[in-house]
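[1] What follows is a predicted structure for the sequence shown.
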Amino acid sequence: MKTLFMLVFSWLLLGGHARGEEANQTAVSFSKDIAPILLDNCLACHGAKKAEGGYRVDTYEELVKAGDSGELPIAVSDEQTSELLRRLVCDASERMPAESEPLQTEQIELFKKWILGGGKFDGSNAGESLSLVIPVTNYVDPPETYKQPIPITATAFSPDGKLLVTSGYHELIIWNPEDASLVHRIKNLGQRVFSIALSPDGKTIAVGCGEPGRSGEVRLVDFNSGEIKGVVARTNDIVLDIAYRPGSNQLAVASADGSIRIIDTLTLEEIRTVASHADWVMDVSWSDDGTRLASASRDKSAKIYDENCELLSSYTGHGTAVRGISILADNKQAVSVGGDNKLHRWEIDGAKKVSEVGIGSEGFKIVRNENNLFIPCADARVLRIDLTTNTIAQQYQGHSDWVLTACYLPISAANVNTNMLASGSYNGEIRIWNVADASLIQSWFAKP
C-alpha cells in the first residue's frame, strides 16, 4: 500500500499545480542529464532488441511513444499524467527499473524537472541512439598503477620503430621496445582499446575504443602531445578495428553494431556507411593501392568492396566467425581466418576457395607484409605464413595465453637492424621478436 508520503510526493511530481512553478527552475538537459540515466538503468529491458511492455527508450523518438498500456510517457497537458515518471515513484509492483533498486532521489528529481519543463529534446536528431545523443565525454583517468595486467588487444610501432604503442584501460601506453621502459601514457580514451592505427604522416593515432554493449568511437590523438583532436564514428557498441586507406586520410571503422563507416579524418565527416554484415565486424583492411576494402565478421562471412564501397563478393567458406582478413597484392585474391582453425585463400571474383592451411587454433587479425602473413592465435603462438608456398614458415612461441594482436616493423620503415614483430596476449604480456629466426628480443608485462 502506498504511504501518505508517496502519495503526496507523486502528486507533487505529476500534478498540474506544480508544472508552472517547476518549469521556472534551471532547465534539465535530455542529452546531458536524462539520456545517461536511461542508458545505465533502462535500456537493457526497453531497447530495440528487447522492449518489455512494448515500450522503448533507446531514442528520444521512441521514449515519447506509448507502450502497450497506451499511457503517455510524457504528459502534454496539465490534465494528463506522465506514465514514465509515475513508474519511477510508484510502489514496487509497478516501479521501474523492475527487479532492481529504484533510481536515486537525485535522478528522480532530474526526471521531475525535465518533464515539468516540457520534456524537451535538446539534440540534433531525435531518432539517434542514446549513446550518440550524449555529448562527447572526458573519461576518467586510468589508475596510476595497475593491480594486475590487462589483455593487450592492440599494438602499433611508431614509424621510426623507437616506440611501441599498446592498449590500456582508458589509455594508450607507450613503451621503449629496446628496454621495455615506460615512455608515456595517453589518457582520455574509451574504457577498452581494440585497435590502433597511425595516420600516413605518423602524427596522429586513431584509436578504436569503447565500452562493450554501451558505446564505441574513434578518437584521433596527436601522437606527440596526447591531445584529442577529434571524436568520430560514435556508435552504441564497441569499435573493433580501424584502418587508414593507403595514401589517404580516410579511415575505415569496423564496429560491433555490424557497420563499417568511412571517415574523413581531416574534416571529421562521415563519408559513407556500409551495412552489409549481420553481426560484429571484427576486422577491416584495404588493398595496397586503396581501391578495395575487405571486412571479416562474426556473421560467418568475409566481404570485399570496390573503391566506392560497393559489394564485390562475399565469402562464406569458414562456416563460423571470421576474425581476420587481408587482400593480397594482386587484388585478385584474399585470405581470411576464423573459428574453424584454418587460413582460407580465395578468389575475390566469384568468392571461390583456392586453398587452405590448417593453423591449429583460432586466428585473429591478420598482419600482411608482401608475401608474409602474421597471424596471432588462441593457442599462444604467432604464425608466419609464406604465401609463395602456402605453408607455415615460422612459429613465434613463448606466450602463455591467447595472442590477440601483432604488429610488424620492417627494416625499410625504420632505423633497425632486423625486421621485428611485436605481439600482445590476453594475460598482458608483450613480446618483441626477430622475424627472421623467431628469437625473442624483449618481453614484459604491460603493467604501469
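    That came in fine, so what should we check first?
[2] next one: phi and psi at the closest residue to Trp286 other than its chain neighbours?
    Nearest residue to Trp286 in three dimensions, chain neighbours excluded: Arg245, at 5.2 Å (Cβ to Cβ, 6 or more residues apart in numbering). Quick note: C-beta positions are derived from backbone N, CA and C, even for glycine. When read as degrees, to the nearest 10, the backbone of Arg245 gives phi -70, psi 130.
[3] now Leu116
    phi -70, psi -20.
[4] In contact with Leu268, which residues are there?
    220, 230, 232 (Cβ atoms under 8 Å, 6 or more residues apart in numbering).
[5] Arg245 too?
    251-252, 286, 290, 293.
[6] of the residues you listed, closest to Ile263?
    Ranked by distance to Ile263 (Cβ to Cβ), these are led by Leu251 at 4.6 Å.
[7] Name the SS class of Glu62, please.
    Using DSSP: H, G, I helix; E, B strand; the rest coil, the structure places Glu62 in helix.
[8] Turn the contacts of Arg245 into CSV, columns for secondary structure, distance to Asp141 and neighbour count.
    Listed next are these as CSV, based on DSSP: H, G, I helix; E, B strand; the rest coil; distance: Cβ to Cβ, whole Å; neighbours: other Cβ atoms under 10 Å:
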residue, secondary structure, distance to Asp141, neighbour count
Leu251, strand, 26, 25
Ala252, strand, 30, 25
Trp286, strand, 34, 22
Gly290, coil, 37, 14
Leu293, strand, 36, 26
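[9] end-to-end on stretch 294-308?
    12 Å (Cα to Cα, to the nearest Å).
[10] Quick check, pLDDT for the residue nearest to Ser259 when sequence neighbours are not counted.
    Closest residue in space to Ser259, ignoring its immediate chain neighbours: Ala275 at 5.2 Å, by Cβ to Cβ, 6+ apart. Ala275 carries a pLDDT value of 93.
[11] what does the one 4 residues further on give?
    Here the pLDDT value assigned to Asp279 is 97.
[12] same question, Val76
    The model reports Val76 with a pLDDT of 82.
[13] how many other residues sit next to it?
    Here the number of neighbours of Val76 (other Cβ atoms under 10 Å) works out to 11.
[14] A helix includes it, no?
    No: Val76 is assigned coil when assessed by three-state DSSP, not a helix.
[15] Could you tell me how far it is located from Leu383?
    To Leu383, Val76 is 63 Å away according to Cβ to Cβ, to the nearest Å.
[16] so how far is Cys309 from the residue nearest to Trp286?
    As judged by Cβ to Cβ, Arg245 and Cys309 stand 11 Å apart.
[17] again, but for Pro142
    Look at Pro142 and Cys309: by Cβ to Cβ, they are 35 Å apart.
[18] same thing with Arg292?
    Taking Cβ to Cβ, one finds Arg292 at 10 Å from Cys309.
[19] which SS class is Pro97?
    Under three-state DSSP, the three-state class of Pro97 is coil.
[20] Which residues are in contact with it?
    Going by Cβ under 8 Å, 6+ apart, Pro97 touches 41-42, 45, 103.
[21] cutoff 6 Å now
    Contact analysis of Pro97 by Cβ atoms under 6 Å, 6 or more residues apart in numbering lists Asn41.
[22] what does Ile108 give?
    Ile108 makes contact with Leu88 under the criterion Cβ under 6 Å, 6+ apart.
[23] element containing it?
    Taking DSSP states H and E as the definition, Ile108 sits inside helix 105-116.
[24] Just list what the helix or strand following that helix packs against, helices and strands only.
    In the C-terminal direction, the helix or strand that comes right after helix 105-116 (DSSP H and E) is helix 130-133. In terms of contacts (3 or more Cβ pairs under 6 Å, 6 or more residues apart in numbering; DSSP states H and E), helix 130-133 is packed against helix 35-41.
[25] For the helix it packs on, buried residues please.
    If you call a residue buried by 16 or more other Cβ atoms under 10 Å, then helix 35-41 has these buried ones: 35-39, 41.
[26] that's a helix at Gly213, yeah?
    No: counting by three-state DSSP, Gly213 is not part of a helix but coil.
[27] ok, the residue lying closest to it once chain neighbours are set aside - contacts?
    Residue nearest to Gly213 in three dimensions, not counting chain neighbours: Asp237, with 6.2 Å by Cβ to Cβ, 6+ apart. Asp237 makes contact with 216, 256-257, according to Cβ under 6 Å, 6+ apart.
[28] For stretch 168-187, list every residue counted as buried.
    Going by neighbour count (16+ other Cβ under 10 Å), the buried part of stretch 168-187 is 168-175, 177, 186-187.
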